[in-house]
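Chemist: I would like the atomic coordinates for the input below:
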Amino acid sequence: MPVPAFPVDYQKLFHSLPDSFLLIAPDEAATIVDNTNSHVGVSMKSREEAVGKPFFEAYPSSDEESAATIRESHEHVRRHHQPHTMPLIRYDLERPLEQGGGLEERYWEATHYPILDENGALEFILQRTQDVTERYHAELRHQQAQRELAEQQERTRFILESLPVMVWTNVPSGEADYFNPRWLDFTGNSLAECIGQGWVRSVHPDDVATATRLWNQAREQSTELQMEYRLRRHDGQYRWVLVRAVPRRNEAGEVTMWVGCGTDIHDQKLMVQELLEQNEQQALLSDQAYQAYQEVHRQRETFYSLFMQTPALICILRGPEHRFEFVNPPYQRLFPNRQLVGQTVAQALPEVIEQGFLDLLNGVYTTGQTFVGNEVQIDLDHDGNGQLKRSYLNFTYQLFEEQGQKAGITVFAYDVTALVAARQALENAGH
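Modeler: Sure thing, here's the model as predicted:
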């Protein structure tokens, strides 16, 4: 059965093609022969303004480099009768006056195809053009995001490697997967020797059971951990370290990692033990004769010297009004321009009243119960100029007696502001 013949308007069909096609004569001027409606739309120029004109008269190039790229592609098709895809080029288009005029930045990918006649001669060059401006800018944004991510990762790495504390991380199941250089330098071990459960080999044998039990308990309950144990230094000496580990959770509340910090507190711990021993000796010697009294006097001088030299913050508050009787140099350095000795806490440090510290002192003095605070936030006017600065302290308020009567409160504290700031920096980096 014969197929009925239907007349086809091929030019109309060409105009209706969904892609942006431009039909070009093979002459050196690359004269425009025709284009599709889609090409008219993206080029912002009517068909009448382009057809019959040389390529670069109809569509002026943004710069000579882009023009050279297009000419080379045309010439490749003329010479080899093979398709040629150009690299991405910038080719700005002039907006119509009714759209405000001026050039609009555009980026294009284009392929030129040879259209041959029945004898194999080049009859036309067909240009298929794709506007990739959005894709190009999306790629630029992606590259910028990658650079920012790399910078954030480098910043995080720098923080981890520069912090003056030992830092490590654990996967949710508990195995260690990172230790910063401070840990490695302290223990003298390599990263490969420490990851997993390898770090346990550096813990004092007498402390392994307790450290492991507390760590497993914190991991199973997904709670923060704070403990002390002895860690072998690179020279073989075991040193007391204060360890703190916190879990990082996702939006569902699931633990995704653990971050831990360790600080060498060996000297402070030994000093506290020595001070306690001195207190016991002082109580025993107080009931002895004059010779014993002289010994007590010497002991007190030693005791005073230790207080003056220890890196901890120490002061003695006398009576129910909590008057400063003794302040060691590290404590006084918190307030270089303020008189403390002889003043009450309320007189010398009025900013702590509203923060509740005076109530804590009253409670200890009244009940006799020792108060221990860990990483307690306190805002202090260090310079006496009314400007408050935030700090974090680990401290102990303890009542002391004389001749069986309440005499005052001893304050023993460590400034852990740097440790808290380090942990907060790590937590922020993880987010």
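
Chemist: just checking, residue 312 touches residue 270?
Modeler: No. Using Cβ atoms under 8 Å, residue 312 makes no contact with residue 270, being 11.8 Å away. Backbone N, C-alpha and C define where each C-beta goes, glycine included.

Chemist: out of the two, which sits in the busier spot?
Modeler: Using other Cβ atoms under 10 Å, the more surrounded residue of residue 312 and residue 270 is residue 312, with 21 against 11.

Chemist: quick one: contacts for the more buried one?
Modeler: Listed by Cβ atoms under 8 Å, 6 or more residues apart in numbering, the contact partners of residue 312 are 268, 271-272, 328, 330, 412-414.

Chemist: For residue 64, give me its contacts.
Modeler: With Cβ under 8 Å, 6+ apart, residue 64 has no contacts at all.

Chemist: Do a quick rundown of the strands in the stretch 251-400 of the chain.
Modeler: 255-264, 313-318, 323-327, 371-380, 389-402 (DSSP state E, counting those that start in this stretch).

Chemist: of all those strands, which lies closest to residue 180?
Modeler: For residue 180, the closest of these is strand 255-264, at 9.6 Å, according to Cβ to Cβ.

Chemist: and that closest one, average pLDDT?
Modeler: In this model, strand 255-264 has a mean pLDDT of 89.

Chemist: again, but for stretch 211-224
Modeler: The average pLDDT for stretch 211-224 rounds to 91.

Chemist: Same check on stretch 270-280?
Modeler: 71.

Chemist: And stretch 369-381, by the same measure?
Modeler: Mean per-residue pLDDT for stretch 369-381: 92.

Chemist: Now that stretch: buried residues?
Modeler: Under the neighbour-count criterion of 16 or more other Cβ atoms under 10 Å, stretch 369-381 has 371, 373, 375-376, 378, 380-381 buried.

Chemist: quick one: which of the residues you listed is nearest to residue 23?
Modeler: residue 375 (75.6 Å).

Chemist: Can you report how many residues lie near the closest residue to that closest one other than its chain neighbours?
Modeler: Spatially, and ignoring its direct neighbours in sequence, residue 375 is nearest to residue 392 (5.0 Å; Cβ to Cβ, 6 or more residues apart in numbering). Neighbour count of residue 392, defined by other Cβ under 10 Å: 18.

Chemist: Hmm, residue 392 is touching residue 420, no?
Modeler: Yes. With contact defined as Cβ under 8 Å, residue 392 reaches residue 420; the gap is 4.4 Å.

Chemist: Can you add distance to residue 429 and give the strands of the stretch 251-400 of the chain back as a markdown table?
Modeler: Output for the strands of the stretch 251-400 of the chain, formatted as a markdown table (distance: least, Cβ to Cβ, whole Å):
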| stretch | distance to residue 429 |
| --- | --- |
| strand 255-264 | 10 |
| strand 313-318 | 30 |
| strand 323-327 | 38 |
| strand 371-380 | 20 |
| strand 389-402 | 19 |
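
Chemist: for residue 45, what are its contacts?
Modeler: If you count contacts by Cβ under 8 Å, 6+ apart, then residue 45 has 58-59, 93-94 around it.

Chemist: In helices only, show me those residues.
Modeler: The members of those that map onto helices under DSSP state H are residue 58.

Chemist: helices or strands next to the biggest helix by length in the chain in the packing?
Modeler: Scanning the chain for the longest helix, with DSSP H as the assignment, gives helix 133-162. Under the contact criterion of 3 or more Cβ pairs under 8 Å, 6 or more residues apart in numbering; DSSP states H and E, helix 133-162 touches strand 107-116, helix 417-430.

Chemist: Quick one: closest of the ones you listed to residue 196.
Modeler: Nearest to residue 196, of all these, is helix 417-430, at 20.8 Å by Cβ to Cβ.

Chemist: Specify the angle between that closest one and strand 255-264 in degrees.
Modeler: 160 degrees (axes from the mean of the first three to the mean of the last three Cα atoms, to 10 degrees).

Chemist: Which other helices and strands does helix 417-430 contact?
Modeler: Judged by 3+ Cβ pairs under 8 Å, 6+ apart, helix 417-430 is in contact with helix 133-162, strand 238-249, strand 255-264, strand 389-402.

Chemist: how many neighbours does residue 327 have?
Modeler: The tally of other residues near residue 327 (other Cβ under 10 Å) stands at 22.

Chemist: That one contacts residue 317, correct?
Modeler: No. Using Cβ under 8 Å, residue 327 makes no contact with residue 317, being 9.8 Å away.

Chemist: And stretch 396-413, end to end?
Modeler: Stretch 396-413 has an end-to-end distance of 6 Å (Cα to Cα, to the nearest Å).

Chemist: can you check stretch 178-198 too?
Modeler: 11 Å.

Chemist: average model confidence for that stretch?
Modeler: pLDDT averaged over stretch 178-198 gives 91.

Chemist: List the buried residues for that stretch?
Modeler: For stretch 178-198, the neighbour count (16+ other Cβ under 10 Å) marks 178-180, 182-184, 186-187, 189, 194-195, 198 as buried.

Chemist: Just the ones in strands from these, please.
Modeler: 178-179 (DSSP state E).

Chemist: State the pair within the buried residues of stretch 178-198 that is farthest apart.
Modeler: 182 and 198 (16.8 Å).

Chemist: still on that earlier bit, show me which of the helices and strands packed on helix 133-162 has the highest average neighbour count.
Modeler: strand 107-116 (a mean of 18; mean count of other Cβ atoms under 10 Å).

Chemist: Dump that strand to PDB, restricted to CA.
Modeler: The C-alpha trace of strand 107-116 is given here as PDB (Å, rounded to 0.1, in the frame of the first residue of the first chain):
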ATOM      1  CA  TYR A 107      28.700  31.100  29.500                       C
ATOM      2  CA  TRP A 108      28.300  28.600  26.700                       C
ATOM      3  CA  GLU A 109      29.100  25.200  25.500                       C
ATOM      4  CA  ALA A 110      28.900  24.700  21.700                       C
ATOM      5  CA  THR A 111      29.500  22.000  19.200                       C
ATOM      6  CA  HIS A 112      29.900  22.600  15.400                       C
ATOM      7  CA  TYR A 113      28.700  19.800  13.100                       C
ATOM      8  CA  PRO A 114      29.500  19.500   9.300                       C
ATOM      9  CA  ILE A 115      26.500  19.300   7.000                       C
ATOM     10  CA  LEU A 116      27.700  17.700   3.700                       C
END
